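S.K.: sequence and predicted model, in that order:
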Amino acid sequence: MRRLIPSLAALAAALAVVATAAARGPSGPVFAVVPSTPAVTSLASAEVPNGDGIVLPPSYLTRRESPGLPFQTLHGIWQQAGVSYGIPWQVLAAINKIESNFGRNMGPSSAGAIGWMQFMPSTWLRWGTDANGDGVADPWNSEDAIFSAARYLAAAGGRTDIGRGVFAYNHAQWYVDEVLGLAKVYGQDGVGVAFTYGRLQAGLHSAERTVAHQNHALVRATLAERRLARRARVLSAKADSARLLSDRLALEKREYQVDARRAAAAHAVAKAKRKLRAAEKSLSEARSSSSTGSFAPGGGSFLGAPSYQGDYVFPVGGGPAVVSVGHHHHDYPAADIAAPEGAPLYALTDGVVVKAWHLPSGNCGIGLTLRAAGDGREWTYCHMSYEEPSIQSGEAVSAGQPVGLVGSTGHSTGPHLHLQLQPAVSYPQVEPWFEAFAGSAFTWQDAPTPSAEAGPVFSVVGDQSELATDIPSVVAFTLERP
């Protein structure tokens, strides 16, 4: 089988560090894609899409599982695909991470996207590539998919304007910002950071979901124990007031049976508490491990860190790839901020906890009310799956402090944070601080989302006359906008 992936030594030679010329200023390029002769000359063209001759694997729309690939293998594919089509490997790595978590979640997605790089089937028919030489263009194969992504980005103008290419991949500015932000992290901190961040993210998300799950078990056991305790008290009161001995004995027997069930429920509560404490410890350790990485440009959203705008923090972490909100909530002012179960929740500003309830209460479920220090307004959070033990009535909190995790307790049709002023006199979505997070912390569900003013830039550098002609330009990773 002929293959496009050369040795790592050849790959290292293919990627050159571009020297910073004085005329370009002190923050010149860090990485560049430079001309290289592909291992196979029959590389599919980025200028012309596929005709009718593309060969697909059987049942190519059917989901396939993958355990992922070793670090060195994936790194090599990103590099050679990037060199072959003039696309920075960091961008391919970022798309690979965001779209499928390096092959661990390959869909099909709710929109029908499939494989390692989440192509829509119609796009795959036009740009899918047989990169590993086995005779078929397979979106579930890492080499085929990553080379096809590089080809598509190049066809969309990504050789000279990488932002334009990424926008063609997913028509959303927040997506461009997220991909380029993550690519910047990879470019600045070295190739190993791609997998370091992946491990941090996986560990953090797993710890958050475990805490949410264990708290659900504790809540369920606690409510069951309380119901049985109430039932036992009622039976005891009836037995004490029974006039006939036979009635009293029957009621006492039922009380004993119910109390035995209550004791078993109390044991389940104690067991659930121990499991939750262990899960909380693991979450604390995961947060500590990821805290440094969350401060890197592009890393905060990736790790669900709080997003700041002046005195405010967006209350839900995770970034615009997973957090969204509509402008209106039914027929009364409130914001339903959709996010995955277990996503982190933060205090939206400095303030004091007016009230906190760690067990579901009415339609709100688990939640809290926070009085802002600046203007005294009160904000209520609802439907949480878990509330931090430190969140208690009367306690002071600071902007960005973790308060709990997203859930769907109470009257809820899915995981989200219900946020409203108390009383609900206006929509949170019209607040200037809330709108300022559009595109950086969340996307609008019912309107275009503006661009987030952040992220790196890829630009054409060097004297084009000095370059080989097999790749039309050098694309460098720069640290500032032109």
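M.R.: Okay, I see it.
S.K.: so, low pLDDT: which residues of the stretch 151-300 of the chain?
M.R.: Residues of the stretch 151-300 of the chain that meet the criterion pLDDT under 70 lie in 188-195, 291-300.
S.K.: any idea how far the residue sitting nearest the centre point of the chain is from W444?
M.R.: In the chain, the centroid-proximal residue (CA atoms, centre = their mean) is G318; its distance is 4.9 Å. Distance, G318 to W444, using CB to CB, to the nearest Å: 16 Å. To be clear about C-beta, it is placed using only N, CA and C from the backbone, and glycine gets the same treatment.
S.K.: show me what contacts the closest residue in space to Y308 that isn't next to it in sequence?
M.R.: In this structure, Y308 finds its nearest non-sequential neighbour in G400, 6.7 Å apart by CB to CB, 6 or more residues apart in numbering. The neighbours of G400, taking CB atoms under 8 Å, 6 or more residues apart in numbering as the test, are P306, Y308, V313, Y346, A347.
S.K.: now the lengthiest strand in the chain: mean pLDDT?
M.R.: The longest strand of the chain (DSSP state E) is strand 351-361. For strand 351-361, mean pLDDT rounds to 96.
S.K.: that strand packs against which elements?
M.R.: helix 192-241, strand 365-372, strand 386-387, strand 396-397 (3 or more CB pairs under 8 Å, 6 or more residues apart in numbering; DSSP states H and E).
S.K.: can I get these in CSV including mean neighbour count?
M.R.: Below are these laid out as CSV (neighbours: other CB atoms under 10 Å):
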stretch, mean neighbour count
helix 192-241, 18
strand 365-372, 23
strand 386-387, 26
strand 396-397, 17
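S.K.: could you dump those to TSV with distance to R274?
M.R.: Formatted as TSV, the helices and strands packed on strand 351-361 follow (distance: least, CB to CB, whole Å):
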stretch	distance to R274
helix 192-241	9
strand 365-372	20
strand 386-387	16
strand 396-397	27
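S.K.: quick one: closest of these to A183.
M.R.: Among those, helix 192-241 comes nearest to A183, with 9.6 Å by CB to CB.
S.K.: which ones are touching Y152?
M.R.: A46, F119, T123, W127, G165, A168, Y169.
S.K.: following the helix or strand encompassing it, which helix or strand comes up?
M.R.: Per DSSP states H and E: Y152 is located in helix 142-155. Using DSSP H and E, the helix or strand that follows helix 142-155 towards the C-terminus is helix 162-169.
S.K.: could I get that next one in CSV with only the CA atoms?
M.R.: This file holds the C-alpha atoms of helix 162-169, laid out as CSV (Å, rounded to 0.1, in the frame of the first residue of the first chain):
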residue,chain,number,x,y,z
ILE,A,162,-6.9,30.9,6.7
GLY,A,163,-9.8,32.6,8.4
ARG,A,164,-11.7,32.5,5.1
GLY,A,165,-10.9,28.9,4.7
VAL,A,166,-12.1,28.0,8.2
PHE,A,167,-15.3,30.0,7.7
ALA,A,168,-16.0,27.9,4.7
TYR,A,169,-15.6,24.8,6.9
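S.K.: any buried residues in stretch 400-414, and which?
M.R.: Of the residues in stretch 400-414, G400, Q401, P402, V403, G404, L405, V406, G407, S408, T409, G410, S412 count as buried by neighbour count, 16 or more other CB atoms under 10 Å.
S.K.: about what we covered before: who wins for proximity to H267 among the helices and strands packed on strand 351-361?
M.R.: So among the helices and strands packed on strand 351-361, helix 192-241 is nearest, using CB to CB, at 9.1 Å.
S.K.: quick one: the following helix or strand past that closest one to chain centroid distance?
M.R.: Following helix 192-241 in sequence order, the next helix or strand is helix 245-291 (DSSP H and E). Here helix 245-291 is found 33 Å from its chain centre; the criterion is CA atoms, centre = their mean, to the nearest Å.
S.K.: could you give the angle of helix 245-291 to helix 192-241?
M.R.: 160 degrees (axes from the mean of the first three to the mean of the last three CA atoms, to 10 degrees).
S.K.: related to what we said a few turns ago, right, and the helices and strands packed on strand 351-361 - which one's nearest T62?
M.R.: Closest among the helices and strands packed on strand 351-361, using CB to CB: helix 192-241, at 25.7 Å.
S.K.: which strands and helices sit next to the closest one?
M.R.: If you count contacts as 3+ CB pairs under 8 Å, 6+ apart, helix 192-241 packs onto helix 71-85, helix 89-100, helix 173-189, helix 245-291, helix 299-302, strand 351-361, strand 386-387, strand 402-405.
S.K.: about what we covered before: list buried residues within the contacts of G400.
M.R.: So, by 16+ other CB under 10 Å, the buried ones in these are P306, V313, Y346, A347.
S.K.: re earlier: put the alpha carbons of the longest strand of the chain into PDB.
M.R.: Extracted C-alpha coordinates of strand 351-361, given in PDB (Å, rounded to 0.1, in the frame of the first residue of the first chain):
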ATOM      1  CA  GLY A 351     -22.100  39.800  45.300                       C
ATOM      2  CA  VAL A 352     -23.800  38.000  48.200                       C
ATOM      3  CA  VAL A 353     -25.800  34.800  48.100                       C
ATOM      4  CA  VAL A 354     -29.300  35.800  49.200                       C
ATOM      5  CA  LYS A 355     -30.600  32.200  49.200                       C
ATOM      6  CA  ALA A 356     -29.300  28.800  48.000                       C
ATOM      7  CA  TRP A 357     -31.100  25.500  47.800                       C
ATOM      8  CA  HIS A 358     -29.100  22.300  47.200                       C
ATOM      9  CA  LEU A 359     -32.100  20.100  46.800                       C
ATOM     10  CA  PRO A 360     -34.700  20.600  44.000                       C
ATOM     11  CA  SER A 361     -37.400  23.100  44.900                       C
END
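S.K.: how far does it sit from its chain's centre?
M.R.: 27 Å.
S.K.: now Y308: phi and psi?
M.R.: Here is the backbone geometry of Y308 (degrees, to the nearest 10): phi -110, psi 140.
S.K.: and it, bridged to which residues?
M.R.: V313 (DSSP bridges).
S.K.: save the buried residues of stretch 400-414 as TSV, and put in distance to T160 too.
M.R.: Converted to TSV, those look like this (distance: CB to CB, whole Å):
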residue	distance to T160
G400	39
Q401	44
P402	43
V403	45
G404	46
L405	43
V406	40
G407	46
S408	46
T409	50
G410	52
S412	47
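S.K.: a markdown table for the residues you listed, including distance to V176 and pLDDT?
M.R.: What follows is the buried residues of stretch 400-414, written out as a markdown table (distance: CB to CB, whole Å; pLDDT from 0 to 100):
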| residue | distance to V176 | pLDDT |
| --- | --- | --- |
| G400 | 26 | 92 |
| Q401 | 31 | 94 |
| P402 | 29 | 95 |
| V403 | 31 | 97 |
| G404 | 31 | 97 |
| L405 | 29 | 97 |
| V406 | 26 | 97 |
| G407 | 31 | 96 |
| S408 | 31 | 95 |
| T409 | 35 | 96 |
| G410 | 36 | 94 |
| S412 | 32 | 92 |
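S.K.: which among the residues you listed gets closest to W379?
M.R.: V403 (10.8 Å).
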